[in-house]
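Undergrad: model this:
(one chain, ligands or ions: 1)
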Amino acid sequence: MHVEERKNVSVEAIGIVYSCFPEKFGIPRQAGLAPSATGIVELYHPYNRRELCNGLEGFSHIWIYFLFHKAIDEGWKSTVRPPRLGGIERRGVFATRSPHRPNHLGMSAVELLGMRHIDGKMLLYIGGIDLLDKTPVLDIKPYIPYSDCLPGASASDWVEDPVSHMQIIFTKKAQEFCDRYERKTGRKLSRLICEILLEDPRPASQKEKKQDFGMRLWEVNITWTVSVKQCTVVNCTFI
Ligand code: SAM
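TA: Residues are numbered from 1 along each chain as shown. Next up is the predicted model:
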């Protein structure tokens, strides 16, 4: 290919994701792993007209194409260490879904829970997300099962989602906080905590250490401890 054929292109964000994940730690490795993880896509002008989404209500799931905006400063890498390989072995970036890729482009198939056009805002309510709060959205497309779901497809063993043997328990005060929060907001906080901890978000390097862990979901700080195969959610507090 001639150098002059390598054109630069520019794209603009069509919207933004407001997500239950204000920080990276705790975000599932892939969409769908935590069905209770929810967010809202707000479309920007001029993409916020209702007509751009007409017909989308007929689909249970949509593809969101987005920018890994909080990985841009870290640049891209030709090989990365996938967490599923214990953070030790390397794979080519194109063999992974790593955020540290050229163009920092991500794609997630998420559940479309609903849509609203209100006060000039076009809002898409989404579930099963793996997206950081304020992620820029580049495109939205319907998920088409006959084409996008490939039952005969195979993947390397190391990308399979292992069966979790983690047991999750809540202290009384953590459970009571979740119950109050859920009654007030309608958000499924305790279920989301369980879905995340079942996937064991600890970095491989910290799995042997005995220490407390913390993550943020919506405006809540959550702390937990791990002992062998048991997670104890110790406390939940407002940030
Ligand atoms: N499903 C997408 C894909 O395949 O392109 C994302 C997979 S990527 C392995 C998921 C991780 O990206 C999350 O665990 C989170 O740490 C990170 N992430 C999500 N949104 C991000 C953002 N806006 N900027 C940087 N990292 C992000």
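Undergrad: Residue 78 contacts residue 91, doesn't it?
TA: No. Using CB atoms under 8 Å, residue 78 is not in contact with residue 91, being 10.4 Å away. Every residue, glycine included, has its C-beta placed from N, CA and C.
Undergrad: Show me which residues of this structure sit near the ligand.
TA: 24, 27, 29-31, 68-71, 97, 99, 106-108, 130-132, 135 (CB under 6 Å from any ligand atom).
Undergrad: Show the residue spans covered by the strands in the protein.
TA: For the chain, the strands defined by DSSP state E occupy 15-19, 38-43, 61-67, 79-80, 91-92, 105-118, 121-127, 135-142, 167-170, 212-217, 220-227, 230-238.
Undergrad: how about a markdown table for the ones you listed, with mean neighbour count and mean pLDDT added?
TA: A markdown table is the format used below for the strands of the chain (neighbours: other CB atoms under 10 Å; pLDDT from 0 to 100):
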| stretch | mean neighbour count | mean pLDDT |
| --- | --- | --- |
| strand 15-19 | 21 | 98 |
| strand 38-43 | 21 | 98 |
| strand 61-67 | 20 | 98 |
| strand 79-80 | 17 | 97 |
| strand 91-92 | 14 | 97 |
| strand 105-118 | 16 | 98 |
| strand 121-127 | 20 | 98 |
| strand 135-142 | 18 | 98 |
| strand 167-170 | 16 | 97 |
| strand 212-217 | 17 | 96 |
| strand 220-227 | 17 | 96 |
| strand 230-238 | 17 | 96 |
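Undergrad: Return the distance of the lengthiest helix in the chain from the chain's centre.
TA: Ranked by residue count under DSSP state H, the longest helix found in the chain is helix 172-185. In terms of CA atoms, centre = their mean, to the nearest Å, the centre of helix 172-185 is found 23 Å from the chain centre.
Undergrad: That one to strand 230-238, inter-axis angle?
TA: 50 degrees (axes from the mean of the first three to the mean of the last three CA atoms, to 10 degrees).
Undergrad: Can you give the contact residues for helix 172-185?
TA: 170, 187-190, 193, 218, 220, 222, 233-237 (CB atoms under 8 Å, 6 or more residues apart in numbering).
Undergrad: Now that helix: buried residues?
TA: Across helix 172-185, burial judged by 16 or more other CB atoms under 10 Å covers 174, 177, 178, 181.
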